[in-house]
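Peer 1: let's see this in three dimensions:
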Amino acid sequence: MQIGIRTGSLALGRNRLTVDHVLQCSKDDQGVARGCWPIEIWSGGRKPEVTYLPENNYYDIPAGCLITDGLDNVFMGGRCICAEERAMGSARVIGTALGTGYGAGTLAAFQALGKKQQEAINHLQEQQK
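Peer 2: Purely as a prediction, here's the structure:
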């Protein structure tokens, strides 16, 4: 790890969180976590480049962003989710990272119990109400 490096190689998941998804505050029927932080890109200066989301809105992070492509039993949360670099500039903040970590853990636990993935998604969505 290097000081001042906020992102590196990003994992490949079943879905990828995109900048358009973030800026359009897209809602997803497979959403398991939410984000609302603006996109912050630090390019080495004293201040970040900030792109704000529409006021009083949020975006969903689909379950597929937390599940690795090609491996059914590896889940990701926090700064490890599958996202474009600029989208990660919004999703990497602590509140969203906690939500994706909880989502990944819930998906893994339901799978370990032999339950369907959709049951875990429904459970997580119910908790978001």
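
Peer 1: tally of neighbours for Gly99?
Peer 2: Counted with other CB atoms under 10 Å, the neighbours of Gly99 add up to 20. Where C-beta positions appear, they are placed from N, C-alpha and C, glycine not excepted.

Peer 1: that one is in contact with Ile61, isn't it?
Peer 2: Yes. Under the criterion of CB atoms under 8 Å, Gly99 lies in contact with Ile61, with a separation of 7.5 Å.

Peer 1: surely Gln30 touches Pro62?
Peer 2: Yes. Using CB under 8 Å, Gln30 is in contact with Pro62, at 4.4 Å.

Peer 1: which one of the two has more residues nearby?
Peer 2: More crowded of Gln30 and Pro62, by other CB under 10 Å: Pro62, with 25 against 17.

Peer 1: that one reaches Val32, doesn't it?
Peer 2: Yes. Using CB under 8 Å, Pro62 is in contact with Val32, at 7.2 Å.

Peer 1: so Leu23 versus Ser90, what's the distance?
Peer 2: Distance of Leu23 to Ser90, given as CB to CB, to the nearest Å: 9 Å.

Peer 1: what do Gly99 and Ile61 both touch?
Peer 2: Val32, Ala33, Arg34, Gly35 (CB atoms under 8 Å, 6 or more residues apart in numbering).

Peer 1: in CSV, list those residues along with distance to Glu84, neighbour count and pLDDT.
Peer 2: Formatted as CSV, those follow (distance: CB to CB, whole Å; neighbours: other CB atoms under 10 Å; pLDDT from 0 to 100):
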residue, distance to Glu84, neighbour count, pLDDT
Val32, 18, 29, 98
Ala33, 17, 27, 98
Arg34, 18, 18, 98
Gly35, 13, 26, 98
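
Peer 1: which of those residues lies closest to Leu107?
Peer 2: Comparing the shared contacts of Gly99 and Ile61 against Leu107 with CB to CB places Val32 closest, at 7.2 Å.

Peer 1: dump the residue contacts of the residue most central in space within the chain.
Peer 2: Closest to where the C-alpha atoms of the chain average out (CA atoms, centre = their mean) is Ile61, at 4.9 Å. Contact analysis of Ile61 by CB under 8 Å, 6+ apart lists 17, 28, 31-35, 81, 91, 96, 99-100, 103.
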